[in-house]
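Undergrad: Next input, structure requested:
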Amino acid sequence: KPDRAGGRLEWRAAMLAVLAALASVSVVQTHAPDPIGRFPNPERGWYMARYPVGGPLDPADLAALRSRNITVLSYRVDLSAHRDSQALPDDLMARIRGDFRTAREAGFKLMPTLFYAPDERSPDAPLETVLAHIRQLRPMWQEEGDLLAAQEVGFIGAWGEEHTSTNGLTEDAPYERIIRASVWMMPKDRYLLVRYPPNVMRFGGPAPRTRKNAFDGSIRSRLGHRNMFFPGDHWNGRTYWWDWQPGQWPPPEDVVAREMAWLAEDTRFAPNMFEPDTADRSDPDGDGIFDGDWYSSERVLRESEQLHMSLGHIEYNKGMIRRWQRDRVDGDTAFHHLDRRLGYRLTARTSAWPSRVRPGARFRLTLAQIVLRNGSRVVSRTSVSTDIRTWGAGETQRLTVQMTAPRTAGDYEVRLALPDASPRLAGRPKFSIRLANLDMWDEATGENRLGALLVAR
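TA: Have a look, this model is predicted:
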């Protein structure tokens, strides 16, 4: 599932073909896929939560998480001590900035959630306080925005989950002001993750987004989804059954199916993250593994694919995570299947270029950024204009680039690089995308090896 390439968010499955128009004599490279490998890639997969109020991010902790293929943190900023002040203290601002610095060095993206109510009994903050804090944080968010995987709405109600507000922040007018301010707070290519689909519909109407309007810069195009109760029960904690009224139960099956279909269509072009949870915590044998039928491994694999899930919380709910780690589906654990399926997974099938070119000659090659190396020296980088956000699940893409051969004869290595678009991250290999192929990845450079090129007279 392409999630992020060249600094832009992508959220569906795709196979990446490296194909070129063949010269009269060409070398065709066939690249072996890696169907079972698990490895870290930016802005996808499992994520963990960290709380900066409890202490700064620890580089050793982040290194340990990365060894588990985790590259995203839910960065949860508890502002309960500041709900009565419209100015955040300098020490908190300095700590957040320091954590951005630590994440950058460790190869992590952050998914911030700022909240005032650490439980359902605590108050959130008045609207003007929320807006003042957003204004104060905006310069830092703009400067460090290349490290945002996305941002959760936050601010509103318990844990920032957009419910149980004590200051009326879920009412239409204040809610929309917070959404608009939060989108304004971030760089223009970042998404704001919204808890309930009807709240996404407030901006742009009830139709799911399409390829035509998904990236038009509107408020709607900047909104993604977060499911805080997946795949927990009939309605995923009110993710579905949007016109529910108190006293009604259970949700009509046709209503849930229709609304799931809407969400599946909308998430073709928008991120969708989930937190495992359930109303059924049955554990009859007391082994810490929840055994309810509703969140079977088969269901979670089917629905996570249908809903284009990009990120999942690995710490909560542990009873469900253990279930997926135990259950086997098609020869592997459900957990490992999810590890590979969340977000994007790009595979090179074949690539082709002339078997031999003259120094300075023009020839055709493929893909997003082609790197020619002579030993450890980068000789050239050539980019291809393509928007991976528009690629669909399971599609094969054919992309071609015209290149000029080096003027010095010799043996060169052809590589594919998928770096972050941010100039501050482009040279950091941990933020580059690794293809799901055998024996192609160079961890030191963040490049994928395609094959050799001979330049000779």
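
Undergrad: And stretch 62-72, what's buried?
TA: For stretch 62-72, the neighbour count (16 or more other Cβ atoms under 10 Å) marks 62, 65, 69, 70, 71, 72 as buried. C-beta: built from backbone N, CA, C; applies to glycine.

Undergrad: got JSON lines for those, with secondary structure, pLDDT and distance to residue 322 too?
TA: As requested, those are arranged in JSON lines below (DSSP: H, G, I helix; E, B strand; the rest coil; pLDDT from 0 to 100; distance: Cβ to Cβ, whole Å):
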{"residue": "62", "secondary structure": "helix", "pLDDT": "98", "distance to residue 322": "24"}
{"residue": "65", "secondary structure": "helix", "pLDDT": "98", "distance to residue 322": "19"}
{"residue": "69", "secondary structure": "coil", "pLDDT": "96", "distance to residue 322": "18"}
{"residue": "70", "secondary structure": "coil", "pLDDT": "97", "distance to residue 322": "18"}
{"residue": "71", "secondary structure": "coil", "pLDDT": "98", "distance to residue 322": "23"}
{"residue": "72", "secondary structure": "strand", "pLDDT": "98", "distance to residue 322": "21"}
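
Undergrad: I'd like to know which of these is nearest to residue 179.
TA: residue 72 (22.2 Å; Cβ to Cβ).

Undergrad: do you know how far the closest one is from residue 65?
TA: To residue 65, residue 72 is 9 Å away according to Cβ to Cβ, to the nearest Å.

Undergrad: Between these two, which contacts overlap?
TA: Common contact partners of residue 72 and residue 65 (Cβ atoms under 8 Å, 6 or more residues apart in numbering): 48, 108.

Undergrad: any idea how far residue 318 is from residue 399?
TA: Counting by Cβ to Cβ - residue 318 and residue 399 are separated by 42 Å.

Undergrad: Quick check: which ranges of the chain have low pLDDT?
TA: Where the chain drops to pLDDT under 70, the residues are 1-26, 363-370, 372.

Undergrad: quick one, helices of the stretch 301-450 of the chain?
TA: With helices called from DSSP state H, counting those that start in this stretch, the stretch 301-450 of the chain shows them at 318-326, 334-341.

Undergrad: which two in the buried residues of stretch 62-72 are spaced the farthest apart?
TA: Within these, 62 and 69 form the most distant pair, 12.8 Å apart (Cβ to Cβ).

Undergrad: any residues in contact with both of the two?
TA: Contacts common to residue 62 and residue 69, judged by Cβ under 8 Å, 6+ apart, are absent.

Undergrad: residues near the residue nearest to residue 82 when sequence neighbours are not counted, how many?
TA: Sequence neighbours aside, residue 88 is the residue nearest to residue 82 in space, at 5.7 Å (criterion: Cβ to Cβ, 6 or more residues apart in numbering). Neighbour count for residue 88, taken as other Cβ atoms under 10 Å: 18.

Undergrad: Numbering from 41 from now on, please.
TA: Sure, I'll start counting at 41 from here, so that last one is residue 128.

Undergrad: ok, residue 128 to residue 365 distance?
TA: 39 Å.

Undergrad: And for residue 256?
TA: Distance from residue 256 to residue 365, by Cβ to Cβ: 41 Å.

Undergrad: can you check residue 143 too?
TA: 27 Å.

Undergrad: And those two? Which one has more around it.
TA: Applying other Cβ under 10 Å to residue 143 and residue 365 shows that residue 143 carries more neighbours, namely 22 against 15.

Undergrad: so that one sits right up against residue 186, yeah?
TA: No: judged on Cβ atoms under 8 Å, residue 143 makes no contact with residue 186 at a distance of 10.7 Å.

Undergrad: Tell me which residues touch residue 328, please.
TA: Applying Cβ under 8 Å, 6+ apart to residue 328 gives the contacts 358, 359, 362.

Undergrad: Give me the nearest residue to the first one, chain neighbours excluded.
TA: Distances taken as Cβ to Cβ, 6+ apart place residue 328 nearest to residue 358, at 7.2 Å, with adjacent residues excluded.

Undergrad: Next up, the contacts around residue 359.
TA: Going by Cβ under 8 Å, 6+ apart, residue 359 touches 321, 323, 328, 329, 330.

Undergrad: and the third one, how far is that from residue 421?
TA: Right, residue 328. According to Cβ to Cβ, residue 328 and residue 421 sit 50 Å apart.

Undergrad: Can you get me a residue count around residue 364?
TA: When neighbours are counted by other Cβ under 10 Å, residue 364 registers 23.

Undergrad: Residue 103 contacts residue 146, correct?
TA: Yes: between residue 103 and residue 146 there is a contact at 6.6 Å, judged by Cβ under 8 Å.

Undergrad: Provide the secondary structure category for the residue nearest to residue 358.
TA: The three-state label given to residue 328 by DSSP: H, G, I helix; E, B strand; the rest coil is coil.

Undergrad: Residue 276 is in contact with residue 270, correct?
TA: Yes: the criterion here is Cβ under 8 Å, and residue 270 meets it with residue 276 at 5.7 Å.

Undergrad: show me the contacts for the residue nearest to residue 122.
TA: 119, 122, 173, 176, 177.

Undergrad: ok, now residue 120?
TA: So residue 120 contacts 155, 156, 157, 158, 162 (Cβ under 8 Å, 6+ apart).

Undergrad: Between the residues you listed, which sits nearest residue 288?
TA: residue 157 (27.0 Å).

Undergrad: For the stretch 341-490 of the chain, just list every one of the strands.
TA: In the stretch 341-490 of the chain, the segments counted as strands under DSSP state E, counting those that start in this stretch are 351-353, 368-369, 372-373, 390-394, 396-397, 402-405, 409-414, 417-423, 435-436, 441-444, 450-457, 481-482, 487-495.

Undergrad: Quick one: these as JSON lines, columns for mean neighbour count and distance to residue 464 too.
TA: Converted to JSON lines, these look like this (neighbours: other Cβ atoms under 10 Å; distance: least, Cβ to Cβ, whole Å):
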{"stretch": "strand 351-353", "mean neighbour count": "24", "distance to residue 464": "22"}
{"stretch": "strand 368-369", "mean neighbour count": "14", "distance to residue 464": "40"}
{"stretch": "strand 372-373", "mean neighbour count": "14", "distance to residue 464": "37"}
{"stretch": "strand 390-394", "mean neighbour count": "21", "distance to residue 464": "30"}
{"stretch": "strand 396-397", "mean neighbour count": "19", "distance to residue 464": "35"}
{"stretch": "strand 402-405", "mean neighbour count": "18", "distance to residue 464": "28"}
{"stretch": "strand 409-414", "mean neighbour count": "20", "distance to residue 464": "17"}
{"stretch": "strand 417-423", "mean neighbour count": "13", "distance to residue 464": "17"}
{"stretch": "strand 435-436", "mean neighbour count": "13", "distance to residue 464": "31"}
{"stretch": "strand 441-444", "mean neighbour count": "16", "distance to residue 464": "25"}
{"stretch": "strand 450-457", "mean neighbour count": "19", "distance to residue 464": "16"}
{"stretch": "strand 481-482", "mean neighbour count": "19", "distance to residue 464": "21"}
{"stretch": "strand 487-495", "mean neighbour count": "21", "distance to residue 464": "19"}
